[in-house]
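> Everything below, folded, please.
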Amino acid sequence: MLVVKTYNIRRDVEYKIVNSDKWRYNAQCVQFGPGCNWSIHISYLCKVEKWEMRRYTSPYRASKLRWGQDHHRLDSKVIAQHISTMVKADPTISIRVLQGSVEKHFGYKASYSKVWLAKQRVIASIYEDWEELYNMLPCWFFAMQMYLPGKDLFVVVIC
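Coordinates of the predicted model:
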C-alpha cells in the first residue's frame, strides 16, 4: 500500500480507497467516471505470500492538484520511508532539511508536524521504545550483579 501511495503522490494523483482488507486493495480516482477511469486492484497471493497488481486502468485524466500544495496521502509513513536513510545517517538532522528533501522528492511541501512525526517514527524504529528499554534497566543491573559477584557496581540514578 505504501508503494501505491508513493507512486501516486509522485504522479500527482488523488485517489480514494474503494475496498481494502487483508486480502485485497482497490483504489480509484476521486473523480472516477466518464472523465477519468483510473483504478488499481491489488490482491494478496497466499501461496507465494506476495501482493500482485491484478488490474491497473490508466491513464489518469482528472484535473491535477496545484503543484506545491499538500497531498493528503503524503502522511508520516510515506515521509518516514523517504527520510529513513538520512535520519539513520544523522539523527540530529533538522526538520527543515528533511522538509526540503520531501518537497524536492515528492513535489509537495509537507508540514513541519508531519515531517517531525515521520522523524520520530524512524528514530523509534532505530532505537526501539525508550520507555521499554528504561524499564529493562533493573533486570540488567540484576544480571550484572549475578555475573560480577563481589564487585561494587556504581549506579547513578537520575530522577
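> Extract the residue ranges of this structure that are flagged as low pLDDT.
By pLDDT under 70, the low-scoring segments of the chain are 1, 8, 10-12, 59-72, 129, 151-159.
> okay, now the domains of it?
Per the TED database, the structural domains of the chain span 1-57, 76-147.
> Please tabulate those domains in a markdown table, including the columns mean neighbour count.
No exception for glycine: its C-beta is placed from N, CA and C like everyone else's. Shown next, in a markdown table, are the domains of the chain (neighbours: other C-beta atoms under 10 Å):
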| stretch | mean neighbour count |
| --- | --- |
| domain 1-57 | 14 |
| domain 76-147 | 14 |
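> Am I right that residue 56 sits in a strand?
Yes. Counting by DSSP: H, G, I helix; E, B strand; the rest coil, residue 56 falls inside a strand.
> Isn't it up against residue 40?
Yes. Contact criterion C-beta atoms under 8 Å: residue 56 and residue 40 qualify, at 5.2 Å.
> residues contacting the residue nearest to residue 6 when sequence neighbours are not counted?
Nearest residue to residue 6, sequence neighbours excluded (C-beta to C-beta, 6 or more residues apart in numbering): residue 78, at 5.7 Å. Residue 78 is in contact with 2, 5, 6, 9, counting by C-beta atoms under 8 Å, 6 or more residues apart in numbering.
> ok, so of the residues you listed, who is nearest residue 84?
residue 2 (11.9 Å; C-beta to C-beta).
> which residues does the closest one contact?
Counted by C-beta under 8 Å, 6+ apart, residue 2 has contacts 77, 78, 81.
> Relative to residue 15, how far out is the residue nearest to residue 58 when sequence neighbours are not counted?
In space, and not counting its chain neighbours, residue 58 is closest to residue 38: 6.0 Å by C-beta to C-beta, 6+ apart. For residue 38, the distance to residue 15 equals 7 Å [C-beta to C-beta, to the nearest Å].
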